[in-house]
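*Asks:* Give me the fold of what follows.
(one chain, ligands or ions: 2)
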Amino acid sequence: MSTATGTFSLQQPLNYRAGGRVEPVDGGQTEDVYEPATGRVITKLLCSGEKEVDLAVQSAKAAFQTWSRMSGMERCRVLLEAARLIRERRDEIATLETINNGKSIFEARVDIDISWQCLEYYAGLAGSLAGEHIQLPGGSFGYTRREPLGVCVGIGAWNYPFQIACWKAAPALACGNAMVFKPSPFTPISVLKLAEIFIEAGAPKGIFNVVQGGAATGQFLCHHPDVAKISFTGSVPTGVKIMEMAAKGIKPVTLELGGKSPLIIFSDCSLENAVNGALMANFLTQGEVCCNGTRVFVERKILDTFTKEVVKRTQKIKVGDPLQEDTRMGALINRPHLERVQRFIKQAKEQGAQVLCGGDLYVPDDPKLKNGFYMQPCVLGNCRDDMTCVQEEIFGPVMSILPFDTEEEVIERANNTKFGLAGGVFTRDIQKAHRVVAALKAGMCFINNYNISPVELPFGGYKSSGFGRENGRAAIEYYSQLKTVCVEMGDVESVF
Ligand SMILES: NC(=O)c1ccc[n+]([C@@H]2O[C@H](COP(=O)([O-])OP(=O)(O)OC[C@H]3O[C@@H](n4cnc5c(N)ncnc54)[C@H](O)[C@@H]3O)[C@@H](O)[C@H]2O)c1
Ligand SMILES: C[N+](C)(C)CCCC=O
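*Replies:* Ligands and ions are numbered 1, 2, ... in the order given. Okay, here's the model as predicted:
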């Protein structure tokens, strides 16, 4: 594989079914797939139609028969081997991710590390999944069995293509399910590596299938009668549609949706950590992160010092060729999204916000990057809670700074949003830290750090940010069902 920016192209099929790459049987519509760093088309995607979706589901259904009958320890060994293979191919997969997503290679490697760790974690849990034994009167008893659901569908967003696939596949497979996964049509490539790795690791052919396309393909998947569960990562409006479709088939759903999370900086914080935290909360993956803490509330006493330091550090972020080792911010996903982010900044200025740094389009000196989707990371001051930039998810490198005076006030303002994905607090006062996170209406809260991803911790939202959890033991609940068995040891006492 060629690894220099501007050289990669792909001709192989992007669907994966029954243990091999295939062209979709009814792939009518095509979509261009881009390298955001250069704006080049690197491959064409054939969208899967209803027949291809059905074949993928049937392939998963067949594999489910074998996989679900294996013991937890047998599944554990396959997942452990898959984790090992991902780790071994870390650079290759990270490079693909960078080429297709635009994030820096530095970050993509971390994403791949989190991915294999996720498989390792659920491999460990696979062997210990168990029910309960409950004693009943007269020597009778009951027990529960934790059983898989069947064919699970995963639908992913484009910001963490490989990692999202792993966060869904690992718990699903650990519980004995099979999966059909549809990545975003913007980032269809890296997940094929995962599909190949599962087979190489010894999973039955058909255990993890990939179909490609956008809304239409997603709808075929959600409506398919043999699909038992849908796990979705994406925007709130699409999440609503997914839930409607799932309701029609009484299918359980996990919804990992968007956010506009608060990050609260108290004056008694370690300033250096708080500044680092604010950068982590806003600028990973060009700001295209669901749980970003984009509303940065700063206690007025330290507003100037904090703002100065954040601006200074933001201006130093090296934007450019994402495959260069020292780049820390690459290109946004595509031209329309870059323009959307630019419109948010324009509107913020019109509504009275002050651009403290960045916000403009960026054209790197290297001529091969001149059509890439770059911008300078932006810090907005003079923000108010009613501004669009403070209320809506921008999904780009734009931080809004908001002063506050009291703990009570900031909690109320932090919670005054339809979203509830994440939140963070920086303070040296441990009681205050716990008091504040307890009051935050958000599923993932950080104290004195932000946007780190230990796979042992459950991740997911409150309110419009969705429900269900990925990672941690909690995810097992969302990929399995409980069967209760009641065992009579005496005679039947009939009431008739
Ligand atoms: N909470 C999380 O864990 C998390 C993680 C990453 C991204 N996100 C959110 O994802 C959004 C950005 O991702 P996006 O632009 O890819 O979101 P999106 O909702 O446009 O698309 C997400 C996926 O849904 C598919 N899709 C679109 N319409 C569909 C339909 N009608 N039926 C079935 N599938 C359909 C897309 O093809 C894609 O695969 C942001 O809002 C971000 O916050 C959330
Ligand atoms: C790995 N992060 C940074 C916690 C992001 C999780 C997925 C959200 O988009």
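*Asks:* and the residue in the chain that ligand 1 sits nearest to, how many residues sit next to it?
*Replies:* In the chain, the residue that lies nearest ligand 1 is residue 218 (2.2 Å; CB to the nearest ligand atom). For the C-beta atoms, the positions are set from N, CA and C on the backbone; glycine is no exception. As a burial measure, residue 218 scores 25 neighbours (other CB atoms under 10 Å).
*Asks:* ok now do residue 145, which residues does it touch?
*Replies:* 131, 482-483, 485 (CB atoms under 8 Å, 6 or more residues apart in numbering).
*Asks:* Just the buried ones out of the residues you listed, please.
*Replies:* The neighbour count (16 or more other CB atoms under 10 Å) marks nothing among the contacts of residue 145 as buried.
*Asks:* Return the member of those nearest to ligand 2.
*Replies:* Nearest member of the contacts of residue 145 to ligand 2, counting by CB to the nearest ligand atom, is residue 482, at 28.4 Å.
*Asks:* Can you pull the phi/psi pair for that closest one?
*Replies:* phi -100, psi 130 (degrees, to the nearest 10).
*Asks:* Wait, it touches residue 148, no?
*Replies:* No: with contact defined as CB atoms under 8 Å, residue 482 and residue 148 do not form a contacting pair (11.5 Å).
*Asks:* Quick one: the strands in the stretch 101-250 of the chain, in order.
*Replies:* Using DSSP state E, counting those that start in this stretch, the strands found in the stretch 101-250 of the chain span residues 133-135, 141-148, 151-155, 178-182, 208-210, 227-233.
*Asks:* what does the fifth one contact?
*Replies:* Applying CB under 8 Å, 6+ apart, the external contacts of strand 208-210 come out as 14-18, 56-57, 59-60, 169, 173, 178-183, 191-192, 194-195, 198.
*Asks:* re the thing from before, mind checking the strands of the stretch 101-250 of the chain for the one nearest to residue 44?
*Replies:* Evaluated over the strands of the stretch 101-250 of the chain, closeness to residue 44 peaks at strand 208-210, with 15.9 Å, by CB to CB.
*Asks:* Flag every buried residue along the closest one.
*Replies:* Buried-residue list, strand 208-210, by 16+ other CB under 10 Å: 208-210.
*Asks:* Rebuild the residues you listed as a markdown table, extending it with distance to residue 410 and pLDDT.
*Replies:* What follows is these, written out as a markdown table (distance: CB to CB, whole Å; pLDDT from 0 to 100):
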| residue | distance to residue 410 | pLDDT |
| --- | --- | --- |
| 208 | 44 | 98 |
| 209 | 47 | 98 |
| 210 | 44 | 98 |
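*Asks:* what residue ranges in the chain score low on pLDDT?
*Replies:* Scanning the chain for pLDDT under 70 picks out 1-2.
*Asks:* Spatially central, which residue of it would that be?
*Replies:* For the chain, the residue nearest the mean C-alpha position is residue 164 (4.6 Å; CA atoms, centre = their mean).
*Asks:* Residue 26: neighbouring residues, count only.
*Replies:* For residue 26, using other CB under 10 Å, the count is 14.
*Asks:* how about it, what does it touch?
*Replies:* 48-52.
*Asks:* which one is it nearest to, not counting chain neighbours?
*Replies:* Spatially, and ignoring its direct neighbours in sequence, residue 26 is nearest to residue 49 (3.6 Å; CB to CB, 6 or more residues apart in numbering).
*Asks:* residues in this protein within reach of ligand 1, list them.
*Replies:* Counting by CB under 6 Å from any ligand atom, the residues of the chain lying close to ligand 1 are 155-159, 182, 184-185, 214-215, 218-219, 222, 233-235, 238, 241-242, 256-259, 290, 393, 395, 421, 461.
*Asks:* about what we covered before: pop out the phi and psi values for the residue nearest to residue 26.
*Replies:* phi -90, psi -170.
*Asks:* Number of residues surrounding it?
*Replies:* 19.
*Asks:* Could I get the contacting residues of it?
*Replies:* 24-28, 216-217, 220.
*Asks:* which strands and helices sit next to the helix or strand containing residue 438?
*Replies:* Using DSSP states H and E, residue 438 sits in helix 430-439. With contacts defined as 3 or more CB pairs under 8 Å, 6 or more residues apart in numbering; DSSP states H and E, the packing partners of helix 430-439 are helix 407-415, strand 422-426, strand 444-447.
*Asks:* Tabulate the ones you listed (JSON lines), appending distance to residue 140.
*Replies:* Formatted as JSON lines, the helices and strands packed on helix 430-439 follow (distance: least, CB to CB, whole Å):
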{"stretch": "helix 407-415", "distance to residue 140": "49"}
{"stretch": "strand 422-426", "distance to residue 140": "47"}
{"stretch": "strand 444-447", "distance to residue 140": "43"}
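*Asks:* Rebuild these as TSV, extending it with mean neighbour count and distance to residue 34.
*Replies:* Shown next, in TSV, are the helices and strands packed on helix 430-439 (neighbours: other CB atoms under 10 Å; distance: least, CB to CB, whole Å):
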stretch	mean neighbour count	distance to residue 34
helix 407-415	17	36
strand 422-426	30	29
strand 444-447	20	30
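*Asks:* Show me the one of these that comes nearest residue 311.
*Replies:* Taking the helices and strands packed on helix 430-439 one by one with CB to CB, strand 422-426 is closest: 17.5 Å.
*Asks:* List the strands paired with the closest one, with their directions.
*Replies:* Strand 422-426 pairs in its sheet with strand 262-265 (parallel), strand 444-447 (parallel), by DSSP bridges.
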